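Visitor: sequence first, predicted coordinates after that:
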Amino acid sequence: KGVISDATTFSLAAKLGATTDRLKAGEYEFAPGASMREVMEDISEGRTVQHRLTFPEGWSSEQIVARLNDTATISGKKITVIPDEGSLLPDTYSFSIGSTTREQIIDQMKKAMERRVADVWAHRSPNLPLATPRDLVILASIVEKETGKADERPRVAAVFINRLKRGMRLETDPTVLYGLYGGKAWLEGRTITRADLASPNPYNTYRIAGLPPGPISN
């Protein structure tokens, strides 16, 4: 494409500058008129093009893995083991073609989630009916699936917190769906029936008191 005007000069400069062994494979974008020195610096420093991949809040781990596996520009083997529900932080993540693997993005999401939970738990309001950080994640996942509107979340959370304090059942439909379908619950629209509400599963908050045994989304 004419980015390098003289291949011989470029190769000789790389060898003399001892940068040959430091050139990094990847996808690069060069401004028109970039000098060969600038091109060499970009490649030796690994300043690759950064792509962005977004995972919406409230997605199940199964949905997140499906998007990762379906993104052909990410390197590495496809993910075969679904991470624990609630262990990943939905957000926008950057990656470089040819150097970022799917496992690396999963690791980033897990570490980001650990940091976020630790911070929220450390600054939580007093007297919440939540015994552990995991309880916090479980409740947050339920709130997330109850409403997608940010301004409604505090009100929804307040209702559930009051029910927990009073020992009442949460009686929330998303937990029932997750108990029936797991991470596939959010792949399509579903209607809850009376039989579903009566189903004896540990996530059915119409039948159990308190929080379900685990998060229902991320």
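Guide: The structure has been received and is ready for your questions.
Visitor: contacts, neighbours, all on C-alpha from now
Guide: OK.
Visitor: how about the lowest-mean-pLDDT helix or strand in the chain as CSV, C-alpha atoms only?
Guide: Of all helical and strand segments in the chain, the minimum by mean pLDDT, DSSP states H and E falls on helix 7-16, at a mean of 86. Output in CSV follows, covering the C-alpha atoms of helix 7-16 (Å, rounded to 0.1, in the frame of the first residue of the first chain):
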residue,chain,number,x,y,z
ALA,A,7,11.8,-1.9,1.8
THR,A,8,15.6,-2.2,1.8
THR,A,9,16.1,1.0,3.9
PHE,A,10,13.4,-0.1,6.3
SER,A,11,14.9,-3.6,6.7
LEU,A,12,18.4,-2.2,7.2
ALA,A,13,17.2,0.3,9.7
ALA,A,14,15.4,-2.4,11.7
LYS,A,15,18.5,-4.5,11.8
LEU,A,16,20.8,-1.7,12.7
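Visitor: now find how far off-centre that helix is within its chain.
Guide: Taking Cα atoms, centre = their mean, to the nearest Å, one finds helix 7-16 lying 43 Å from the centre of the chain it belongs to.
Visitor: which helix or strand lies directly C-terminal to it?
Guide: Next along the chain after helix 7-16, taking DSSP states H and E as the criterion, comes helix 36-45.
Visitor: now that following helix: average pLDDT?
Guide: The pLDDT scores in helix 36-45 average 89.
Visitor: again with stretch 206-218
Guide: 95.
Visitor: now do the buried residues in that stretch.
Guide: Neighbour counts using 16 or more other Cα atoms under 10 Å place 206-212, 214-218 of stretch 206-218 among the buried residues.
Visitor: and the strands in the chain?
Guide: Using DSSP state E, the strands of the chain run over residues 51-54, 92-95.
Visitor: and the buried residues of stretch 206-218, which is closest to L16?
Guide: Nearest to L16 among those is N218, at 51.2 Å by Cα to Cα.
Visitor: residues contacting that closest one?
Guide: 57-61, 85-90, 141 (Cα atoms under 8 Å, 6 or more residues apart in numbering).
Visitor: which ones among those residues lie within helices?
Guide: 61, 141 (DSSP state H).
Visitor: can you give me phi and psi for R207?
Guide: In terms of degrees, to the nearest 10, the main-chain angles of R207 are phi -110, psi -30.
Visitor: roughly how far apart are it and N201?
Guide: Distance of R207 to N201, given as Cα to Cα, to the nearest Å: 8 Å.
Visitor: pLDDT score assigned to E57?
Guide: 92.
Visitor: list the contacts of it.
Guide: E57 makes contacts with 90-91, 144, 218, as judged by Cα under 8 Å, 6+ apart.
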